[in-house]
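Student: Model the following, please.
(one chain, ligands or ions: 1)
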Amino acid sequence: MGLLTGKRALVVGVANDRSIAAGIAGAMRREGAELAFTYQNDRLRERVEKIADGLGSKVTIPCEVSSDKEIQGAFASLKKHWRSLDILVHSVAYAPREQLDGDYLQGVTREGFLMAHDVSSYSFSALGEAARPMMQGRDAAMLTLTYIGAVKAMPNYNVMGVAKASLEASVRYMASSLGPEGIRVNAISAGPVRTLAASGIKGLRGFLNHVEQVSPLRRNVTIEEIGNVAAFLCSDYAAAVTGEITYVDCGYNSVG
Ligand SMILES: NC(=O)c1ccc[n+]([C@@H]2O[C@H](COP(=O)([O-])OP(=O)(O)OC[C@H]3O[C@@H](n4cnc5c(N)ncnc54)[C@H](O)[C@@H]3O)[C@@H](O)[C@H]2O)c1
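Tutor: Next comes the predicted model:
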């Protein structure tokens, strides 16, 4: 029996097979979970359907997370397939590319700031509230993805770091809202991974090289390893863990 046998997971944030969400979905499937996926737009639809199919899922639903209407529609569609939900994975972030380069204050704009916070932080709260009725009283779990740029100023990460700080605070407030209903809320703070979203950050190669040189494990993390920790955090083995940010970064955050 797997860690997640009998559980149903909705995975938000697969763009391709290098996405962290794809690593998480793979680990959750291996551990016995039944999966459903959302995709951001029609451009990503086929790719997400193919990945879902490879993981035994026929449930793929559109969801642009900056739209309340799309979020409501996504859960209305999900309810046609499943009456209940045990796991929500939120693996979504966006900021305009020009905001992720150079001096924070010189680059940040009201529009970029709002967009980064809307898509990368608020969407977790919005999806959490939409998922809530399907998850009550089930030892359910919500999980999001963050980065050390939330707690340390990292080169070029800029407004995304500010949005991740807001996301990490949301984890604690959501855990407090949902704990009495038997729903846990956690985040994984992942080390850098070469994905579509990360390629928007200037100097990604430098981040990867630096982690390889100074992290205790002298290497970078893989999406499979992030997936394994995600599966654990959403399993009943982590039944007493909520409101936590867990670093999965080969120990990088622990060194000075
Ligand atoms: N790659 C890294 O180095 C790294 C490190 C730590 C944390 N993270 C976080 O992991 C999460 C997943 O990113 P990834 O690196 O796998 O990249 P990715 O590009 O594979 O995934 C990002 C996903 O966000 C989705 N998305 C963006 N805007 C959206 C919107 N408006 N509506 C719906 N979906 C939207 C994209 O469609 C995509 O599926 C993000 O929160 C990211 O900040 C990434």
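
Student: Counting neighbours, what do you get for the nearest residue to Leu35 once chain neighbours are set aside?
Tutor: Closest residue to Leu35 apart from its sequence neighbours, by Cβ to Cβ, 6 or more residues apart in numbering: Ser57 at 4.3 Å. Any C-beta I mention is one placed from the backbone N, CA and C, and that applies to glycine too. The number of residues packed near Ser57 is 21, by other Cβ atoms under 10 Å.

Student: Run through the residues that contact Ser57.
Tutor: Glu34, Leu35, Ala36, Phe37 (Cβ atoms under 8 Å, 6 or more residues apart in numbering).

Student: again with Asp139
Tutor: Asp86, Gly182, Asp236, Ala239.

Student: ok, back up a step: of the contacts of Ser57, which belong to strands?
Tutor: Using DSSP state E, the members of these that fall in strands are Glu34, Leu35, Ala36, Phe37.

Student: my guess is the first one meets Val11, correct?
Tutor: I take that to be Glu34. No. Contact status for Glu34 versus Val11: not in contact, 11.2 Å apart, counting by Cβ atoms under 8 Å.

Student: next helix or strand past the helix ranked longest in the chain?
Tutor: Using DSSP state H, we find that the single longest helix of the chain is helix 158-178. The first helix or strand that comes after helix 158-178 along the chain, using DSSP states H and E, is strand 183-190.

Student: elements contacting that next one?
Tutor: The contact analysis (3 or more Cβ pairs under 8 Å, 6 or more residues apart in numbering; DSSP states H and E) places strand 183-190 against helix 123-135, strand 140-146, helix 158-178, helix 223-233, strand 245-248.

Student: got the angle for the second one vs helix 123-135?
Tutor: What it means is strand 140-146. 170 degrees (axes from the mean of the first three to the mean of the last three Cα atoms, to 10 degrees).

Student: what is the mean pLDDT for strand 140-146?
Tutor: Across strand 140-146, the average pLDDT comes to 98.

Student: Between Glu34 and Val11, which has more neighbouring residues?
Tutor: Val11 (30 against 20).

Student: partners of the helix or strand hosting the more buried one, with directions?
Tutor: If you go by DSSP H and E, Val11 is part of strand 8-12. Here strand 8-12 is paired, per DSSP bridges, with strand 34-39 (parallel), strand 87-90 (parallel).

Student: interface residues of the stretch 1-150 of the chain facing the ligand?
Tutor: Proximity of the stretch 1-150 of the chain to the ligand, by Cβ under 6 Å from any ligand atom, involves residues 13-15, 19-21, 40, 44, 63-66, 91-94, 119, 145-147.
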